[in-house]
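S.K.: after the sequence you'll find the predicted model.
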Amino acid sequence: MVRGMLMGDDSQRSTAERGPAVSFGRLRTGLLWFAGAFVVALVAIQAAAYWVRYDAAIETAERRADNLALILKEHIEQTVAAADAALRQIVIQNRRLGGPEGSPAEWTALLDAARSGLSSVGSLSITDQAGIIRHSTIRMIVGQSRAENFVVRTLKETPTAGLVADTPFRALTTGEMLMPVGRRLEDGRGGFQGAVVATIELALLREFYRSVAAGSGAVVRVLHPSGVVFFREPSRTDPVGQAVADDPAYRLHRAGRTAARITAPIERDGAVYISAFYTTNAPPLIVAVSLRRADVLETWFQDLALGAGVTALFGVALLFAAWQMRRHLAAREAAERIGARRQREMAIAQTIANFGSLAIDVPGGTVRPSPQFNRIVGWPAERETASLEEFLALVEEKDRAKLRDAFIGCSREGGSYRLEFGLRRADGEVCRFWSEGFWHNAGASGPSEIVAFCQDVTERRTIEERLRQSQKMEAVGQLTGGIAHDFNNLLTVLLGGADMLAERLRHDPQLKRQAENLLAAAQRGAELTQRLLAF
């Protein structure tokens, strides 16, 4: 078996020793292919760049702004559509619940359930025909009047209004901007019963808009048809709620346009922007994306200028990279061979002794287990790394702090440690490990880390515990036997005396009965003594 292991080791050694040379040859070939491909790609880019013209750059910017504006428009429509779907369902349930005057418990359950499925809705409220809030997911506003709000007035006066949106307002508690949207509640005859109103949290929409990669110098805006800013990014101040009468997208919307491309300043006496805007369907909001023209043309000119210098820079970079590669490759090849030999020797030792090993990088927060360690704890054999925190979380709580301190001490001060700890296996069982570790400073040849050897001593500790229990039981048995023998001697005297006393008192029935009771008790004590001796 040992011979087979050594033969297998020779095969692994030859493969490991050939590995760096093979890798070096592949790297050299790959470098040549990469250099050739890079030159070809660079020439193609230069040829294309020189044919680019001013109108093409402007057209690209217009398409980009248009696409981004369309994406943002569709996103806000989907957000409002999700809220409107919930409003429609509530309108359907209105008659079943008896209108706004229905059971508060049933209305509260319905509103809370609808609110839980809408991440962009801050609240849902039900008003009666007088505009008084009867039910709401925000309990503190129940009883307040909304009779003068635009949404309630419009729904009350216009039976065919459909989905109605109001200008945004700032919440008193959070300071966030909210946009109210509502639908009409009707009785069986089509009469106005009240309104169901949802407040859409514009902050959630803003997070999505910020995530859109519009590029440097781009401005994203969402405007209300009344000329109020919903969102603007980037902005040195918070412009939400401010008027934007000079915005070209707003002016074109007022003129009846629902979508357009514009090249004009977005602020009075400001820089020229290439803009595109769309108007959402319900409710109507203006979504605009603007790219600064100076930035667009600057990139175009830079592309042309860089084309001539890239080839020279590529030659210098290629020579420098090749020199650096040859300079470090010899050291890397030697380090890989040393590391492969050490890993091979460690694997053989661990297989023979049933040990596992760990390489712990405390500053990097990683643990590299050996295949033998993976086998002992039931991890997948191909697992190569785990986070240090994940590993420590599997250690028994009573041992976790001292093991962490041992790792930190070795990493900071060098030296070694010895301790025992419990670790939860993949199957849920806890195994005990005896671990010895030391700080290994590899210098320039590899990473510096803690090398720890771990032996599974679970079975040994189990046997030791069983032995201790056996010794305890043996001591208890010996003590019990001694007591039983002594007690049996005393009972012998009692039995003899009681028997003689009963014989002599046979003419006195009362005393004889007492003597017989004493004799019976002594006999039961003898039976108890026999049980103790059997134990």
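M.R.: Okay, I see it.

S.K.: can you pull out the helices in the protein?
M.R.: 2-50, 54-96, 104-116, 150-157, 202-211, 248-254, 293-353, 371-377, 388-394, 397-413, 458-504, 509-534 (DSSP state H).

S.K.: could I get those as CSV with distance to residue 137?
M.R.: Where you see a C-beta, it was placed from the backbone N, CA and C, and this is true even at glycine. CSV is the format used below for those (distance: least, CB to CB, whole Å):
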stretch, distance to residue 137
helix 2-50, 56
helix 54-96, 11
helix 104-116, 5
helix 150-157, 17
helix 202-211, 16
helix 248-254, 33
helix 293-353, 45
helix 371-377, 49
helix 388-394, 38
helix 397-413, 41
helix 458-504, 55
helix 509-534, 72
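
S.K.: which of those sits closest to residue 282?
M.R.: Closest approach to residue 282 among the helices of the chain is made by helix 54-96 (6.8 Å; CB to CB).

S.K.: still on that earlier bit, worst mean pLDDT among the helices of the chain?
M.R.: Among these, helix 2-50 carries the lowest mean pLDDT, a mean of 57.

S.K.: could you report the neighbour count for residue 293?
M.R.: Counted with other CB atoms under 10 Å, residues neighbouring residue 293 total 20.

S.K.: what comes up buried for stretch 498-518?
M.R.: For stretch 498-518, burial by neighbour count (16 or more other CB atoms under 10 Å) applies to 498, 501-502, 505, 512, 515, 518.

S.K.: what sits up against it?
M.R.: For stretch 498-518, the external contacting residues (CB atoms under 8 Å, 6 or more residues apart in numbering) are 494, 519, 522.

S.K.: dump it to CSV, restricted to CA.
M.R.: This file holds the C-alpha atoms of stretch 498-518, laid out as CSV (Å, rounded to 0.1, in the frame of the first residue of the first chain):
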residue,chain,number,x,y,z
ALA,A,498,-36.5,-11.8,66.4
ASP,A,499,-36.9,-15.6,65.8
MET,A,500,-35.9,-16.4,69.4
LEU,A,501,-38.1,-13.6,70.8
ALA,A,502,-41.2,-14.9,68.9
GLU,A,503,-40.6,-18.4,70.2
ARG,A,504,-40.4,-17.3,73.9
LEU,A,505,-43.5,-15.0,73.6
ARG,A,506,-45.7,-17.7,72.1
HIS,A,507,-48.0,-17.5,75.2
ASP,A,508,-48.5,-13.8,74.9
PRO,A,509,-50.3,-13.3,71.5
GLN,A,510,-49.9,-9.5,71.4
LEU,A,511,-46.2,-9.5,72.1
LYS,A,512,-45.7,-12.5,69.8
ARG,A,513,-47.4,-10.6,66.9
GLN,A,514,-45.0,-7.7,67.5
ALA,A,515,-42.1,-10.1,67.4
GLU,A,516,-43.3,-11.6,64.2
ASN,A,517,-43.7,-8.2,62.6
LEU,A,518,-40.1,-7.4,63.6
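
S.K.: so what's the gap between it and the chain middle?
M.R.: 87 Å (CA atoms, centre = their mean, to the nearest Å).

S.K.: check stretch 187-197 too.
M.R.: 45 Å.

S.K.: one more: stretch 66-73?
M.R.: 30 Å.

S.K.: same question for stretch 244-262.
M.R.: Centroid separation between stretch 244-262 and its chain, computed with CA atoms, centre = their mean, is 43 Å.

S.K.: and for stretch 300-307?
M.R.: In this view, stretch 300-307 has its centroid 42 Å away from the chain centroid, taken as CA atoms, centre = their mean.

S.K.: now the spatially most central residue of the chain: how far from residue 369?
M.R.: Closest residue to the average C-alpha location of the chain: residue 390 at 13.7 Å, with CA atoms, centre = their mean. Going from residue 390 to residue 369 by CB to CB, to the nearest Å gives 11 Å.

S.K.: do the same with residue 343
M.R.: According to CB to CB, residue 343 and residue 369 sit 13 Å apart.

S.K.: same question, residue 200
M.R.: Distance, residue 200 to residue 369, using CB to CB: 50 Å.

S.K.: and for residue 310?
M.R.: 46 Å.

S.K.: compare those two (neighbour count), which wins?
M.R.: Neighbours per residue, other CB under 10 Å: of residue 310 and residue 369, the larger number sits with residue 369, 23 against 18.

S.K.: tell me the contacts of the closest residue in space to the more buried one that isn't next to it in sequence?
M.R.: In space, and not counting its chain neighbours, residue 369 is closest to residue 358: 5.6 Å by CB to CB, 6 or more residues apart in numbering. With contact taken as CB under 8 Å, 6+ apart, residue 358 is in contact with 367-370, 373, 437, 450-452, 454.

S.K.: pretty sure residue 65 contacts residue 291?
M.R.: Yes. Judged on CB atoms under 8 Å, residue 65 makes contact with residue 291 at a distance of 5.3 Å.

S.K.: overlap in contacts, these two.
M.R.: The contact sets of residue 65 and residue 291 overlap at 218, 274-275 (CB under 8 Å, 6+ apart).

S.K.: just to revisit the earlier point, would you turn the contacts of residue 358 into JSON lines with distance to residue 88?
M.R.: JSON lines is the format used below for these (distance: CB to CB, whole Å):
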{"residue": "367", "distance to residue 88": "54"}
{"residue": "368", "distance to residue 88": "57"}
{"residue": "369", "distance to residue 88": "56"}
{"residue": "370", "distance to residue 88": "61"}
{"residue": "373", "distance to residue 88": "59"}
{"residue": "437", "distance to residue 88": "65"}
{"residue": "450", "distance to residue 88": "63"}
{"residue": "451", "distance to residue 88": "66"}
{"residue": "452", "distance to residue 88": "63"}
{"residue": "454", "distance to residue 88": "62"}
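
S.K.: among these, name the ones in strands.
M.R.: Mapping these onto strands (DSSP state E) picks out 367-369, 437, 450-452, 454.

S.K.: narrow those to just the buried residues.
M.R.: Buried among these (16+ other CB under 10 Å): 367-369, 437, 450-452, 454.

S.K.: could I get those as TSV with distance to residue 189 and pLDDT?
M.R.: Below are these laid out as TSV (distance: CB to CB, whole Å; pLDDT from 0 to 100):
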residue	distance to residue 189	pLDDT
367	73	92
368	76	91
369	75	90
437	83	89
450	81	90
451	85	89
452	81	89
454	80	88
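
S.K.: as a markdown table, the residues you listed with distance to residue 115 would be great.
M.R.: Supplementary listing: those in a markdown table, determined by distance: CB to CB, whole Å:
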| residue | distance to residue 115 |
| --- | --- |
| 367 | 44 |
| 368 | 48 |
| 369 | 47 |
| 437 | 54 |
| 450 | 52 |
| 451 | 56 |
| 452 | 52 |
| 454 | 52 |
